[in-house]
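> how would this look folded up:
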Amino acid sequence: MAENINITYDILFDILRSEKSREELQLLDEHFYTHVAEYIKEKEVVLLHSQTPVAERELTRIQLGNVRKLLQELYDRRERKIITLALYKTKTHHDVIQTNHLLLEEKGFFESMNALFAEFHQTVFDQITLGKAPIHVAFEHVSPTSGQTALPTVIPDDDSAIISIRFIKPVPKFLGPELESYGPFEPEDIASLPSRIAQILLGKGRAERIAI
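Model prediction:
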């Protein structure tokens, strides 16, 4: 864990300089984003307070603008590094990836990107290497507070077969080829779904096939 810090413009500048000068993610205080948010809130209080002198208000406004620019560049650089890390994990199938420099908010993003890359690899590259047509997918937005990993919107090939499955893991809501809605499903729920959709769920270990 990095040392707890009080945010200032100079500290943010040093953090950004360190992040720019190194390829790997830099270790930050685990509550870094919270500290930054508190700093910005304090500056906004000064800016909006009616008793704040004009000169101080103008200085604070400039400070806030500069801090937001630094924060934007820092965020963008860390975001690119996280995407690269997730892509590396997908391509190498390496399970031992150092993620201890990821902030709590960034870990969810890393896991989502890794799942997205893996899904794309499975539905395109893996399919064509088996001599099969790619499965067309379009990932839907899922609220980060849902606590579940998003499944893709599935556009299956022409396949009228129906498969009955029992869910063994929770699955959030997703869309079918005509934008029809499926789910959400909870463990022990039973559903009869088009074969291609069911096969993806079975392949991901989220359900098991049953006979009805």
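> the strands in this protein, which residues?
136-139, 152-155, 162-167, 174-175, 181-182, 190-194, 207-209 (DSSP state E).
> lowest average pLDDT across the ones you listed?
For those, mean pLDDT drops lowest on strand 152-155, to a mean of 46.
> distance of residue 60 relative to residue 19?
25 Å (CB to CB, to the nearest Å). For glycine as for every other residue, the C-beta is placed from the backbone atoms N, C-alpha and C.
> could you chop this protein up by domain?
9-106, 135-209 (automatic domain parsing).
> residue 120: which of these is closest?
Among those, domain 135-209 comes nearest to residue 120, with 7.3 Å by CB to CB.
> could you report the neighbour count for the spatially closest residue to residue 23 that is not a sequence neighbour?
Leaving aside its chain neighbours, residue 23 sits nearest to residue 81 (7.6 Å; criterion: CB to CB, 6 or more residues apart in numbering). By other CB atoms under 10 Å, 20 other residues sit near residue 81.
> mind listing what residue 81 touches?
23-25 (CB atoms under 8 Å, 6 or more residues apart in numbering).
> from the residues you listed, which is closest to residue 208?
Among the contacts of residue 81, and counting by CB to CB, the member closest to residue 208 is residue 25, at 38.5 Å.
> got a list of what that closest one touches?
Here residue 25 is in contact with 19, 78, 81-82, 85, 101-102 (CB under 8 Å, 6+ apart).
> what is the least confident helix or strand in the protein?
strand 152-155 (a mean of 46; mean pLDDT, DSSP states H and E).
> got the buried residues for the longest helix along the chain?
When the chain is parsed with DSSP state H, its longest helix is helix 54-92. Neighbour counts over helix 54-92 (16 or more other CB atoms under 10 Å) mark 60, 63-64, 67, 70-71, 74, 77-78, 81-83, 85-86, 89-90 as buried.
> what's the average pLDDT for that helix?
Helix 54-92 comes out at a mean pLDDT of 91.
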